[in-house]
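Visitor: Predicted model and sequence follow; I will ask about them next.
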Amino acid sequence: MKLPTDHPHPLVRRLFSFWAPTTQSMRGWALASVVANAGIAVTGAGVRVTGSGLGCPTWPKCTPDSFIPVAHPEVSMLNMLVEFGNRLLTFLVLAVGAACVIAALRLAPRRPALVRLALLQPAGVLAQALWGGLVVSTMLNPFTVGMHFLISMGLIAACWMLYARAGEGDGPARRVTHRDIRRLGYVLLAAVFALLVAGVVVSGTGPHSGDVMASRFDLDIEAVARLHADIVYIVVGLTFSLMFALHVSNSTRGARRAVAALFTVELLQGVIGYTQYFLAVPAALVLLHVLGSTVVWIAALRVVTSLRTRAPEPVPAGHSPTEAPATV
């Protein structure tokens with residue numbers, strides 16, 4: 001019987017590559033999951049800046065009587081469609097996560113570490129969906145909205161680790177630079193996460209709440225914005241320090257390129273951040289800033305994984321180390 005993986009069209013073969021995975025296709029699905037989770041984090045911000053956070057005022061139904069948008073006297077149909085469209089994207093993210101799980105289970109030889117990382121994806125998407133219901137039921141409380149974004153960042157981290165680990169062996173982690181330089185990389189990652197948290201607090205204090213009925217943090221916006229800026233300076237300083245340390249220690253090209261990419265993205269993100277601040281936070285720049293924050297996080301994860309490598313696990317006697325696609 002001819003299977004989709006034998007289809008003559010390359011696009012069809014790629015779409016069904018999770019059924020007969022190789023290391024390359026496993027990494028491809030993991031990277032697709034990174035993109036999908038990053039995308040829905042940005043579209044979620046789009047829901048907020050368009051004032052569509054309560055476009056579907058109930059959960060899991062869009063309205064009390066319907067799972068899909070229907071005319072409602074108190075809600076604009078446009079806002080309803082924006083929120084409902086974002087909910088539909090959850091199924092795309094879930095489908096990509098399921099493809100990762102199937103690929104990890106069918107990869108030969110099976111690698112338990114990849115299976116565990118892959119299982120985090122559909123579990124995380126389902127948890128996010130339930131948390132989304134809490135966001136709606138709390139009328140877009142800024143804490144629940146902010147946690148919604150931070151959970152997405154955690155999912156992106158799991159997806160990136162799956163991508164990185166799929167390209168490595170299962171042997172012990174081995175650093176590719178000095179121990180203290182690698183520790184600096186972890187400090188940098190923690191600082192970037194602190195920056196994301198500070199950004200969430202600024203977003204929960206400022207405009208673009210997602211709906212006129214949504215509450216805001218009772219904080220001084222100028223103070224939290226300055227705190228956010230201070231953490232930016234720390235992150236940029238740590239990134240430059242790491243870039244300098246990798247250069248003078250003649251570390252691997254991959255690590256140097258990863259930190260240079262992070263530094264570039266940070267500078268671009270800084271330009272966007274200051275521009276939106278001085279232009280009174282226009283919605284379009286807020287959306288671009290959320291995209292930039294997500295890219296900074298992914299770039300920081302790439303830096304950390306570039307500072308170590310894993311060799312293939314020793315192969316027991318009598319077993320072939322050659323990888324083969326899973327049997328159908």
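Guide: Sure thing, it's come through.

Visitor: now the strands for the stretch 51-200 of the chain?
Guide: Taking DSSP state E, counting those that start in this stretch to define them, one finds strands in the stretch 51-200 of the chain at 173-175.

Visitor: Can you list the buried residues in stretch 40-56?
Guide: By 16 or more other Cβ atoms under 10 Å, the buried positions in stretch 40-56 come out as 40-42, 44-56. For glycine as for every other residue, the C-beta is placed from the backbone atoms N, C-alpha and C.

Visitor: Which of those residues fall within helices?
Guide: Among the buried residues of stretch 40-56, the members falling in helices (DSSP state H) are Ile40, Ala41, Val42, Gly44, Ala45, Gly46, Val47, Arg48, Val49.

Visitor: Leu195: which of those is nearest?
Guide: Proximity of those to Leu195 (Cβ to Cβ) peaks at Ala41, which lies at 15.2 Å.

Visitor: Leaving out the residues flanking it, which one is nearest to the closest one?
Guide: Ser152 (4.1 Å; Cβ to Cβ, 6 or more residues apart in numbering).

Visitor: distance of Ser152 from Thr239?
Guide: Distance of Ser152 to Thr239, given as Cβ to Cβ, to the nearest Å: 23 Å.

Visitor: Could you do Leu92 as well?
Guide: According to Cβ to Cβ, Leu92 stands 33 Å off from Thr239.

Visitor: between the two, who's got more neighbours?
Guide: Higher neighbour count among Leu92 and Thr239: Thr239, with 27 against 13, using other Cβ atoms under 10 Å.

Visitor: Now the nearest residue to that one once chain neighbours are set aside: phi and psi?
Guide: Excluding its sequence neighbours, the residue lying closest to Thr239 (Cβ to Cβ, 6+ apart) is Phe263, at 5.0 Å. For Phe263, the backbone dihedrals (degrees, to the nearest 10) come out as phi -60, psi -40.

Visitor: Now do the contacts for Phe263.
Guide: The contact partners of Phe263, taken as Cβ atoms under 8 Å, 6 or more residues apart in numbering, are Val236, Thr239, Phe240, Met243.

Visitor: doesn't Ala260 make contact with the last one?
Guide: Yes - using Cβ atoms under 8 Å, Met243 makes contact with Ala260 at a distance of 6.2 Å.

Visitor: what about the closest residue to Ala127 other than its chain neighbours, neighbour count?
Guide: Ranked by Cβ to Cβ, 6+ apart and with sequence neighbours excluded, the top spatial neighbour of Ala127 is Ile151, at 7.0 Å. Neighbour count of Ile151, defined by other Cβ under 10 Å: 17.

Visitor: got it, and Leu120?
Guide: 20.

Visitor: quick one: the helices in this structure?
Guide: Here the chain has its helices, by DSSP H, at 10-15, 23-49, 77-106, 112-137, 142-166, 179-205, 221-248, 253-278, 283-306.

Visitor: what residues are up against Leu114?
Guide: Residues in contact with Leu114 (Cβ under 8 Å, 6+ apart) are Met26, Ala104, Leu107, Leu162, Arg165, Ala166.

Visitor: The nearest residue to the first one once chain neighbours are set aside: what's it in contact with?
Guide: The reference is to Met26. Excluding the flanking residues, the one nearest Met26 by Cβ to Cβ, 6+ apart is Ala166, at 4.5 Å. Contact partners of Ala166, counting by Cβ under 8 Å, 6+ apart, are Thr23, Met26, Arg27, Ala30, Leu114.

Visitor: now do 10 Å
Guide: The contact partners of Ala166, taken as Cβ atoms under 10 Å, 6 or more residues apart in numbering, are 21, 23-31, 100, 103-104, 107, 111, 113-114, 117-118.

Visitor: Do you know the pLDDT at it?
Guide: Per-residue confidence (pLDDT) for Ala166: 94.
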